[in-house]
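**Student:** what follows is a protein structure lacking sequence information:
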């Protein structure tokens with residue numbers, strides 16, 4: 001007889017399933033609504049990306065403790081720590097664009113006679 005997965009495991013599975021649903025919806029939304037969803041996802045304090053960054057940071061603390069006890073290889077802790085740091089940096093980088101996305105998401109749908117000029121897709125990042 002198999003044992004049911006503990007609640008946190010089921011919760012992780014459910015969140016993963018819902019993220020897939022959100023991605024499916026996002027691909028079908030009109031641009032203003034898609035921009036609103038993306039802005040909410042990228043919100044560092046209350047968004048999905050900030051939540052994932054916090055989850056990975058918490059996992060890194062767990063892995064450090066377990067590595068110090070010898071239950072996990074130190075490489076696991078180091079990899080989670082690196083991932084946590086990179087997610088934090090990505091969250092900060094994307095936070096710069098949250099207001100722009102919110103603005104696009106609040107624009108009324110217009111039927112412009114002339115389409116907007118395309119923007120260059122390659123932009124150098126500031127360091």
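**Tutor:** Right, received. Where do you want to start? All figures in this text were calculated on a predicted structure; none of them were measured in a lab.
**Student:** what's stretch 59-73 in contact with?
**Tutor:** With contact meaning Cβ atoms under 8 Å, 6 or more residues apart in numbering, stretch 59-73 is reached by 74, 76, 77, 80, 81, 83, 84. To be clear about C-beta, it is placed using only N, CA and C from the backbone, and glycine gets the same treatment.
**Student:** name all residues that make contact with the residue nearest the centre of the chain.
**Tutor:** The centre of the chain sits closest to residue 49, judged by Cα atoms, centre = their mean, with a distance of 2.7 Å. When contacts are counted by Cβ under 8 Å, 6+ apart, residue 49 touches 41, 42, 43, 87, 90, 91, 94.
**Student:** pretty sure the second one is touching residue 97, no?
**Tutor:** Yes. Under the criterion of Cβ atoms under 8 Å, residue 42 makes contact with residue 97 at 7.4 Å.
**Student:** any stretches of the protein with poor pLDDT?
**Tutor:** Applying pLDDT under 70 to the chain flags the ranges 1, 109-116, 122-127.
**Student:** show me the strands in it, by range?
**Tutor:** With DSSP state E, there are no strands along the chain.
**Student:** residue 46 - how many residues pack around it?
**Tutor:** For residue 46, the count of nearby residues is 8 (other Cβ atoms under 10 Å).
**Student:** just to revisit the earlier point, and residue 42 and residue 97? Which one has more around it.
**Tutor:** Neighbour comparison, residue 42 and residue 97: the larger count goes to residue 42, with 21 against 12 (by other Cβ under 10 Å).
**Student:** identify the residue spatially nearest to that one, adjacent ones excluded.
**Tutor:** Using Cβ to Cβ, 6 or more residues apart in numbering and skipping residues adjacent in sequence, the residue nearest residue 42 is residue 94, 4.8 Å away.
**Student:** number of residues surrounding that neighbour?
**Tutor:** Residue 94 has 19 neighbours, counted by other Cβ under 10 Å.
**Student:** surely it meets residue 39?
**Tutor:** No. Residue 94 is beyond contact range of residue 39, at 9.8 Å (criterion: Cβ under 8 Å).
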